[in-house]
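Peer 1: Here's my sequence, what's the structure:
(chains A and B)
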Amino acid sequence: MSHLSLQQITKQFGAVNVLHGIDLEVRDGEFVVFVGPSGCGKSTLLRIIAGLEASNAGEIRLDGRVVNDVSAADRGLAMVFQSYALYPHMSVRQNLAFGLENSRMPKAEIEARVMEAARMLLIEPLLHRKPGQLSGGQRQRVAIGRAIVRRPGIFLLDEPLSNLDAELRVVMRAELAALHKRLAATMIYVTHDQTEAMTLADRIVVLRDGRVEQVGSPLELYNRPANRFVAGFIGSPRMNFVEASVTPAGLDVGGRRHPVSDINLAPGASITLGVRPHEVDIADVDDGTLALEISLVEQLGAETVIHGKTHLGTSFTLTAPGQGRFAVGDRIGIALPSEVHVFDETGSSVPRSGV
Amino acid sequence: MSVASETQSQALSGVVAAPLHFLMGALNAPMVFIQKRFGIGGMGAVFLAPNMLIFSIFVLVPVAINFAYSFSGGMAIFFGERHFVGFEQYQTLLTCADYTQPATCREDAFWQSIHNTVFFVVVQVTVLVLVALVTALVLNREMRSRGFWRAVFFFPVLLSPVVVGLIWKWILQRDGLLNAILVEYGLERTLWLAERNWAMFWAIFVSVWAHLGFYALILLAGLQAIPRDLYEAAMMDGTRAFRTFWRITLPLLWPNLLVVITLVLIRAVQIFDEAYVLTGGGPGTSTLFITQYIYETGFAHVLRNLGLASAASMLMGLVLVGLTLLQLMASSRRNREGRA
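Peer 2: A predicted model of the protein is given here:
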């Protein structure tokens, strides 16, 4: 287990700034997930921590020691690559043992560690096979095994499940969570999949355009997003956004009134309301805060996901429990809850006195 | 895409498409007939037929003629005017008191050329493969003007072997560029092409220089096909540079290396043009190689001995077939291991 501290990490590729002064603390035994859209710098940040990429400025500390100039091998970290990066000409056993052989560890110790990892990951029968003879899930286990045998201070995982099919991804996700618990290891995990982030993380770091947008536990991010970006990124189906303006009597939503009074903004201010799809109620088309014309109905069995266009012309998604009878072209009303998220014109969350 | 360039590309595709449509329409009836006649299974053979015909005319037929000539004797060119001598030509070539001493052989020039060729092959193949590998490794690194350096190494490949021979002859002859430079610096002139050891050295050097770029390019392609992730994984595994090369690069480059070794080997056994222009086989017979021996025996000597040259060709052909089989065996073993 190791403790990691990043201070003002910046990275440029030519004239392009990829990371703009990242500060972050990762505590012993913590499972931290970097999440964000493609190109947000999450993989670059992971590679800088690994020592595969040098930062242009800033300090990386592992257990209090500055490691900026320490080579990748000497940082005591292990990485699981998106492509698994297994050596194709070596057997699974050789893949697992290769790193240990480099450190001139006694053969008996290497064998013991390889067998321990193989037992833990249920890959004992595969030890003599080559990566080309393994399925995606098996390769994934070997890649994790290669990291485990090194007993690293921190496990770095770069989108390790993205090459697996949906079903296997769910299985491996659960296995990773169990492995983290069992090893009590510090893990840093990169993904663009918010479901993976929500289900695995102790803390999530949301990145956008090389900046940290918010750091917090999954539910903190879900319940109290710092801005519109985080609110839209965390949660599935994603949060709906509705333009509104503040009036002395509440909120004006495209000519309809929504009675919310605890917003600390002056009348006339333009705001954006954030509403999660399951937080709304269905009402008569004339009674709701929004009128919605249904364009798509997804029946998932336990719930129904309804997509449509509001009277403001914006897209809106809501979920209704059970197997509702809705048809494309139907017009319904949407009653917004009083507990809506409010964002100002810059996209930042507006604190509400009642929340 | 702008409207103008879209219109242009539409016009261009029209120009290309119209004759193609016409051609496909014209071919339709004969293709239907051929398919009916030979069936779907026979279509492969139909498409291969033109190539096989050309291959037969220019490769198989000459090999067969060569084989027949190797059992004939006399000075006549036309086969009908030659007489059957059985294995006499082979006997002449292979009769030797001591195979390590060409002078003790009935056809001493043939054995001298074999000795020279074996020496040339062993040294040239080793040096060329190693230098091509090192060049590819260097050109594969992140460096300034990488494209320029790749072009520099590849440029000699574009030259005709005769031009290569002439350029180096101009540099190495008695009054050549190299000696002029040496004299300029107060050093003594050396007879680079007239001393046995130097002549062989330069024959090997020029051959390596001329072909290096081509093989380096094949190896470079192999190096670039190795995923970068593997090197990063090796780095995380604490692998030192030499061990990375030995355990990661070399095994993954091996299929390309095997192709290169075989091609270099086959071409080295066939060495002729640039060495012939450069040294003419001399001094004496010190750079006489097997192909030159065959050429001179069959065509250049006043007494053309086509039978002996044909027999030597057949023996050389057998060696080349053996080398090719070795390569095929090695690569198929490699493929089996890759799958296993």
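Peer 1: Run a quick neighbour tally on A:G64.
Peer 2: 8 (other Cβ atoms under 10 Å in any protein chain shown). For glycine as for every other residue, the C-beta is placed from the backbone atoms N, C-alpha and C.
Peer 1: show me where pLDDT drops low in the chain?
Peer 2: Chain wasn't specified; assuming chain A. A:1, A:261, A:352-355 (pLDDT under 70).
Peer 1: You answered for a different chain; I wanted chain B.
Peer 2: In chain B (pLDDT under 70), the answer is B:1-12, B:334-340.
Peer 1: center of it, which residue is that?
Peer 2: Central residue of chain B (Cα atoms, centre = their mean): B:R267, 3.2 Å from the mean position.
Peer 1: so after the strand or helix carrying that one, what's the next helix or strand?
Peer 2: Under the criterion of DSSP states H and E, B:R267 resides in helix B:250-269. The element immediately downstream of helix B:250-269 (helix or strand, assigned by DSSP H and E) is helix B:273-279.
Peer 1: who's in contact with that following helix?
Peer 2: Under the contact criterion Cβ atoms under 8 Å, 6 or more residues apart in numbering or on different chains, helix B:273-279 has outside partners B:161-162, B:164-166, B:168-169, B:172, B:193, B:199, B:202-203, B:206-207, B:210, B:281, B:287, B:289, B:292, B:295.
Peer 1: Tell me the helices and strands packed up against the longest helix seen in chain A.
Peer 2: What stands out as the longest helix in chain A, according to DSSP state H, is helix A:166-183. Judged by 3 or more Cβ pairs under 8 Å, 6 or more residues apart in numbering or on different chains; DSSP states H and E, helix A:166-183 is in contact with helix A:136-148, helix A:194-200.
Peer 1: Wondering if the next helix-or-strand element following the longest one reaches chain B at all.
Peer 2: Using DSSP H and E, the next helix or strand after helix A:136-148 towards the C-terminus is strand A:154-158. No: Strand A:154-158 lies apart from chain B when judged by Cβ under 8 Å from any Cβ of the partner chain; the minimum separation is 8.6 Å.
Peer 1: neighbouring strands for strand A:154-158, and are they parallel or not?
Peer 2: For strand A:154-158, the paired strands and their directions (DSSP bridges) are strand A:77-80 (parallel), strand A:186-191 (parallel).
Peer 1: angle of it against helix A:166-183?
Peer 2: 170 degrees (axes from the mean of the first three to the mean of the last three Cα atoms, to 10 degrees).
Peer 1: Output stretch B:96-103 as PDB, nothing but the C-alphas.
Peer 2: Extracted in PDB, the C-alpha atoms of stretch B:96-103 (Å, rounded to 0.1, in the frame of the first residue of the first chain):
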ATOM      1  CA  CYS B  96      38.600 -33.800 -56.500                       C
ATOM      2  CA  ALA B  97      41.600 -35.300 -54.600                       C
ATOM      3  CA  ASP B  98      41.000 -32.900 -51.700                       C
ATOM      4  CA  TYR B  99      37.900 -30.700 -51.700                       C
ATOM      5  CA  THR B 100      39.500 -28.200 -49.400                       C
ATOM      6  CA  GLN B 101      42.300 -27.700 -52.000                       C
ATOM      7  CA  PRO B 102      40.800 -26.400 -55.300                       C
ATOM      8  CA  ALA B 103      44.100 -26.900 -57.000                       C
END
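Peer 1: Around chain A, which positions in chain B sit nearby?
Peer 2: Residues of chain B lying near chain A (Cβ under 8 Å from any Cβ): B:227, B:229-230, B:232-240, B:243, B:247-248, B:251-252, B:338-340.
Peer 1: Got a ChimeraX select line for the buried ones in those?
Peer 2: In ChimeraX, this line selects whichever of these come out buried by 16 or more other Cβ atoms under 10 Å in any protein chain shown:
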select /B:229,230,232,233,234,235,236,237,238,239,247,248,252
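Peer 1: List the ones among the residues of chain B next to chain A that fall in strands.
Peer 2: Within the residues of chain B next to chain A, no residue falls in strands by DSSP state E.
Peer 1: need the contact list for residue 96.
Peer 2: The chain I'm using is chain A. So A:L96 contacts A:R113, A:V114, A:A117, A:A118, A:L127, A:V142, A:G145, A:R146, A:V149 (Cβ under 8 Å, 6+ apart).
Peer 1: Let me rephrase: I mean chain B.
Peer 2: Contacts of B:C96 (Cβ under 8 Å, 6+ apart): B:T104, B:C105, B:R106, B:W111.
Peer 1: burial count for the residue in the stretch 251-355 of chain A that chain B sits nearest to?
Peer 2: With Cβ to the nearest Cβ as the measure, A:S315 is the residue of the stretch 251-355 of chain A nearest to chain B, at 30.7 Å. By the measure other Cβ under 10 Å, the count of residues near A:S315 is 12.
Peer 1: sec struct for the closest residue to it other than its chain neighbours, please.
Peer 2: Leaving aside its sequence neighbours, A:S315 sits nearest to A:K309 (Cβ to Cβ, 6 or more residues apart in numbering or on different chains; 6.3 Å). Reduced to three states with DSSP: H, G, I helix; E, B strand; the rest coil, the structure at A:K309 is strand.
Peer 1: Test of understanding: give the bridge partners of A:K309.
Peer 2: A:E293, A:S315.
Peer 1: wait, doesn't it sit right on A:L290?
Peer 2: No: in this structure, A:K309 is not within contact of A:L290 by Cβ atoms under 8 Å, at 10.1 Å.
Peer 1: So for those two, which sits in the more crowded spot?
Peer 2: In this view A:K309 and A:L290 are compared by other Cβ under 10 Å, and A:L290 has more residues nearby, 27 against 14.
Peer 1: Tally up the residues packed near residue 145, please.
Peer 2: Just going to use chain A. Counted with other Cβ under 10 Å, A:G145 comes out at 23.
Peer 1: You answered for a different chain; I wanted chain B.
Peer 2: B:S145: 9 neighbours (other Cβ under 10 Å).
Peer 1: Would you check how far apart it and A:D28 are?
Peer 2: 48 Å (Cβ to Cβ, to the nearest Å).
Peer 1: before we move on, the earlier item: from the contacts of B:C96, which land in helices?
Peer 2: Using DSSP H, the subset of the contacts of B:C96 located in helices is B:W111.
Peer 1: Looking at the contacts of B:C96, which is nearest chain A?
Peer 2: Nearest to chain A out of the contacts of B:C96 is B:W111 (Cβ to the nearest Cβ; 42.9 Å).
Peer 1: got the phi/psi numbers for B:V63?
Peer 2: With angles defined as degrees, to the nearest 10, B:V63 sits at phi -60, psi -40.
Peer 1: what's near enough to touch it?
Peer 2: Contacts of B:V63 by Cβ under 8 Å, 6+ apart are B:G317.
Peer 1: the domain parsing of chain A - what is it?
Peer 2: For chain A, automatic domain parsing gives the domain ranges A:4-233, A:240-343.
Peer 1: Burial-wise, tell me which of the ones you listed comes out on top.
Peer 2: domain A:4-233 (a mean of 19; mean count of other Cβ atoms under 10 Å in any protein chain shown).
Peer 1: can you list the residues of the stretch 101-250 of chain A near chain B?
Peer 2: When proximity is defined by Cβ under 8 Å from any Cβ, the stretch 101-250 of chain A lies next to chain B at A:N102, A:S103, A:K130, A:G132, A:Q133, A:R146, A:R150.
Peer 1: Hmm, A:Q94 and the third one touching each other?
Peer 2: No: applying Cβ under 8 Å as the test, A:K130 and A:Q94 come out as separate, 9.0 Å apart.
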